[in-house]
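>>> build me a model from this:
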Amino acid sequence: MSDVAQISRPFQIALGAVALLGLVWMVALRSHGANPNEPAPSSPVKTSAKTVAQANPGAPSQIYHGAAPGVEGLTRAIAKAHGAVATSQQNAQQLQNKSREASNEAQPQSPSVHVAVKTAPSAAQASKAAALVRQATARRHATAVAKAKTALPPAQVAVEHELAQGKTVMLVFWDPKASVDREVQAEASALARGSKGTVTMHGARANQVGTFGSITEVAHVYQTPTILIVNRHGVVSTLTGLTDVFALKQAVREARLAGH
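All right, here's what the predicted structure looks like:
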């Protein structure tokens with residue numbers, strides 16, 4: 001008793017606080033970790049505040065408001081640590097959820113593939129297709145011919161139409177100012193009128209030879225009057241100078257027989 005009395009008063013208070021703190025932690029450990037259905041352990045277990053915090057970092061802690069000095073501050077620190085752990089776990093869970101959503105959105109979707117199966121055409125279908133091809137070819141040929149005829153000089157088209165009807169065509173190149181030219185042109189016109197449609201006449205100037213296109217490509221007109229007689233075979237006979245009706249009729253008869 002004398003030894004206890006020699007210990008200073010502050011040291012005695014500190015020893016009491018330590019004993020009380022150990023008792024509080026033992027009670028807290030029993031209330032959180034022990035199962036009420038199991039018997040309590042025979043020997044006391046020493047548990048520090050750090051061990052309690054690691055055992056259940058997310059659970060809220062009650063703050064001690066007793067008379068023991070320092071215990072209230074310790075329990076407040078433990079409660080703050082539990083709150084921080086809970087907040088950190090919640091943030092980590094939210095981050096994991098967002099990462100999973102972003103991964104699902106970034107995953108490419110496999111496109112659907114449609115495979116068309118081609119079957120061999122039947123004989124009827126092949127025949128119909130061939131007929132359509134022939135019709136299209138014929139239309140293109142007719143269009144090309146029509147365009148070619150449209151591009152030809154009108155005088156050439158008129159002469160070719162008359163030749164296709166079996167007529168003999170006279171192309172008279174004359175000068176209206178010359179009396180001889182006027183006389184030859186009048187005789188050719190009279191012959192055409194008296195032929196009952198078997199002979200036709202076209203009058204033109206000497207510089208208009210090219211208006212008849214390919215019909216007069218090989219013919220040369222150096223003077224007027226000049227008469228080019230074309231039969232249905234495309235053979236061209238040339239008659240120049242003053243020509244009477246008899247000579248003109250003879251030339252037309254000979255031109256009809258040319259090329260047989």
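
>>> how about the strands in this protein?
Taking DSSP state E, the strands of the chain run over residues 168-173, 199-204, 226-230, 236-240.

>>> now these as JSON lines including mean neighbour count, mean pLDDT and distance to residue 182?
(C-beta placed from N, C-alpha, C; glycine too.) Putting these into JSON lines (neighbours: other C-beta atoms under 10 Å; pLDDT from 0 to 100; distance: least, C-beta to C-beta, whole Å) gives the following:
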{"stretch": "strand 168-173", "mean neighbour count": "24", "mean pLDDT": "96", "distance to residue 182": "11"}
{"stretch": "strand 199-204", "mean neighbour count": "19", "mean pLDDT": "95", "distance to residue 182": "11"}
{"stretch": "strand 226-230", "mean neighbour count": "24", "mean pLDDT": "94", "distance to residue 182": "14"}
{"stretch": "strand 236-240", "mean neighbour count": "17", "mean pLDDT": "91", "distance to residue 182": "16"}
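
>>> export these to TSV and tack on distance to residue 154?
Shown next, in TSV, are the strands of the chain (distance: least, C-beta to C-beta, whole Å):
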stretch	distance to residue 154
strand 168-173	14
strand 199-204	11
strand 226-230	16
strand 236-240	19
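
>>> for residue 21, which of those is the nearest?
strand 199-204 (137.1 Å; C-beta to C-beta).

>>> contacts for the closest one, please.
With contact meaning C-beta atoms under 8 Å, 6 or more residues apart in numbering, strand 199-204 is reached by 155, 158-159, 162, 167-174, 185, 188-189, 191-192, 211-212, 252.

>>> go with 10 Å
For strand 199-204, contacts defined as C-beta atoms under 10 Å, 6 or more residues apart in numbering pick out 155, 158-159, 162-163, 165, 167-174, 176, 181, 185, 188-193, 195, 208, 210-212, 216, 221, 225, 227-230, 248-249, 252, 255-256.

>>> given it, what are its sheet partners and their directions?
strand 168-173 (parallel) (DSSP bridges).

>>> okay, the angle between the partner strand and strand 236-240?
Calculated by axes from the mean of the first three to the mean of the last three C-alpha atoms, to 10 degrees, strand 168-173 forms an angle of 40 degrees with strand 236-240.

>>> what angle do strand 168-173 and strand 226-230 make?
160 degrees.

>>> would you put the C-alpha positions of strand 168-173 in CSV?
The C-alpha trace of strand 168-173 is given here as CSV (Å, rounded to 0.1, in the frame of the first residue of the first chain):
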residue,chain,number,x,y,z
THR,A,168,-32.8,8.1,-163.0
VAL,A,169,-31.6,11.5,-161.6
MET,A,170,-30.2,14.4,-163.6
LEU,A,171,-28.1,17.0,-161.6
VAL,A,172,-27.9,20.1,-163.7
PHE,A,173,-25.2,22.6,-162.7
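
>>> okay, now the unreliable bits of the stretch 1-150 of the chain?
1-12, 14, 27-75, 77-79, 81-82, 84-85, 88, 104-121, 145-150 (pLDDT under 70).

>>> now with 50?
For the stretch 1-150 of the chain, the stretches with pLDDT under 50 are 1-2, 4, 34-36, 38-55, 57-58.

>>> return the members of the contacts of strand 199-204 classed as buried.
The neighbour count (16 or more other C-beta atoms under 10 Å) marks 155, 159, 162-163, 167-174, 181, 185, 188, 191-192, 195, 211-212, 216, 221, 225, 227-230, 248, 252, 255-256 as buried among those.

>>> residue contacts, the closest residue to residue 208 other than its chain neighbours?
Leaving aside its sequence neighbours, residue 208 sits nearest to residue 173 (C-beta to C-beta, 6 or more residues apart in numbering; 7.4 Å). Neighbouring residues of residue 173 by C-beta under 10 Å, 6+ apart: 181, 184-185, 202-209, 216, 219, 221, 223-228, 240.

>>> repeat the analysis, applying 6 Å as the threshold.
Residues near residue 173 by C-beta atoms under 6 Å, 6 or more residues apart in numbering: 204, 206, 221, 224, 226.

>>> and the third one, how far from residue 209?
Yep, that's residue 221 we're talking about. 5 Å (C-beta to C-beta, to the nearest Å).

>>> contacting residues for residue 93?
Contacts of residue 93 (C-beta under 6 Å, 6+ apart): none.
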